[in-house]
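*Asks:* only the shape, not the letters, is given here:
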């Protein structure tokens, strides 16, 4: 069926990227991104997680799809234009992965409370096994540190057949790195994928410069 509104896809892409750049302080990652088809399996504790995974795929130039809860697609059907699939379309997801796409599946099934990993569903492993592609654990935290805006960090693990163990391991390493870091600096060893919004303490704008001159404060 012909696309009635081909202009909508770039508009949607611009909207997602603008949301990330104005709502987050940046996106950073560590680890090796898969060079071809793969199933990426992140933990899921933030509204931002799907957008962050989408941004990483754009950064890498990878074809991308993501299993999304059905109610989201009922409300926002246009998200299919940027790769969203209903959770039941696992065979299509496997076909996409086999053809070289990154398929993102949140194995916890839905957004979870902050903290450790919840029970994992088998869909991500099934898709990877069916497609014959790597199953890649992704520890993901969107967290407010020392800046004004939350920051997203992804730690990409090695392909695994023990997703629960591998994802818990990567998540514990990422949490340890966050806990030991200077909260006003990006995590050491992480590559910045996307620059985000600067906080008021990062730059001295003209109102602050004017106020300094007017008050004479030193």
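*Replies:* Received it, and whenever you're ready, just let me know what you need. Predicted model, so just to flag it, every value in this text is computed and none were measured.
*Asks:* now do the same for residue 201: its pLDDT.
*Replies:* For residue 201, the pLDDT comes out at 69.
*Asks:* how much space separates residue 202 from residue 187?
*Replies:* Distance from residue 202 to residue 187, counting by C-beta to C-beta, to the nearest Å: 17 Å. Heads up, the C-betas are built off the backbone N, CA and C, glycines and all.
*Asks:* which ones are touching the residue at the greatest distance from the centre of the chain?
*Replies:* Distance from the centre of the chain peaks at residue 216, with 45.0 Å (C-alpha atoms, centre = their mean). With contact set as C-beta atoms under 8 Å, 6 or more residues apart in numbering, residue 216 has no partners.
*Asks:* can I assume residue 163 is in contact with residue 105?
*Replies:* No - under the criterion of C-beta atoms under 8 Å, residue 163 makes no contact with residue 105, lying 9.9 Å away.
*Asks:* and the gap between the closest residue to residue 60 other than its chain neighbours and residue 113?
*Replies:* Counting by C-beta to C-beta, 6 or more residues apart in numbering, residue 33 is the residue found nearest to residue 60 once chain neighbours are left out, at 5.2 Å. Distance of residue 33 to residue 113, computed by C-beta to C-beta: 28 Å.
*Asks:* what do you get for residue 49?
*Replies:* 14 Å.
*Asks:* okay, the residue nearest to residue 117 when sequence neighbours are not counted: pLDDT?
*Replies:* Excluding its sequence neighbours, the residue lying closest to residue 117 (C-beta to C-beta, 6+ apart) is residue 168, at 5.0 Å. Model confidence at residue 168, given as pLDDT, is 97.
*Asks:* for residue 168, the count of nearby residues, please.
*Replies:* Neighbours of residue 168 under the rule other C-beta atoms under 10 Å: 17.
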